[in-house]
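# Quick one, fold the following:
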Amino acid sequence: IVLNPYDIEYEMLRKKQLEAQYRRSKGELRQEEETVREARRIEANRKRILKERQRIQKLLLPAGDIAVTDVDDAGPSRGGHKSRSMKVTIPGTVEPVLT
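Here you go, the predicted model:
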């Protein structure tokens, strides 16, 4: 009984993908590395800003009076990425209605 049979189509596809990776130029590799660094920097800044907002909100309002939620927008934005926004709920206040 063979649990993992040899799949010729899968292996041929894998070989083509590997060859394509080896054929990439140094410029393409540098560009990809820069893109990854930029994505990490953006994510770190997003986390830092979120923590700073929470810290400021904690200072401004008594504990238990505020709810902070991370809200995902329904559709993708530029580049196929979803944008994120913060929703702050303060008891006794009315949210504005946007038309």
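# Wasn't Leu59 part of a strand?
No - secondary structure of Leu59 (DSSP: H, G, I helix; E, B strand; the rest coil): helix, not part of a strand.
# Mind pulling the model confidence for it?
What the model reports as pLDDT for Leu59 is 86.
# Check the one 10 residues further on too.
Thr69 is assigned a pLDDT of 62 by the prediction.
# Repeat that for the one 5 residues further on.
The per-residue pLDDT reported for Ala74 equals 49.
# got the residue ranges for the helices in this protein?
In the chain, the segments counted as helices under DSSP state H are 8-22, 26-60.
# Format the ones you listed as a markdown table; extra columns: mean neighbour count.
For the C-beta atoms, the positions are set from N, CA and C on the backbone; glycine is no exception. Converted to a markdown table, the helices of the chain look like this (neighbours: other CB atoms under 10 Å):
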| stretch | mean neighbour count |
| --- | --- |
| helix 8-22 | 9 |
| helix 26-60 | 10 |
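# what's around Arg24, how many residues?
11 (other CB atoms under 10 Å).
# Got the phi and psi for it?
phi -60, psi 150 (degrees, to the nearest 10).
# And it, how close does it get to Gln17?
12 Å (CB to CB, to the nearest Å).
# do Ala44 as well
Noted for Ala44: a distance of 31 Å to Gln17, by CB to CB.
# And Tyr6, by the same measure?
Tyr6 is 18 Å from Gln17, by CB to CB.
# go on, Glu43?
Relative to Gln17, and taking CB to CB, Glu43 is found at 27 Å.
# now the chain, which segments are flagged as low pLDDT?
For the chain, the stretches flagged by pLDDT under 70 are 1-2, 62-99.
# let's see it at 50
Residues of the chain meeting the criterion pLDDT under 50: 1, 74-76.
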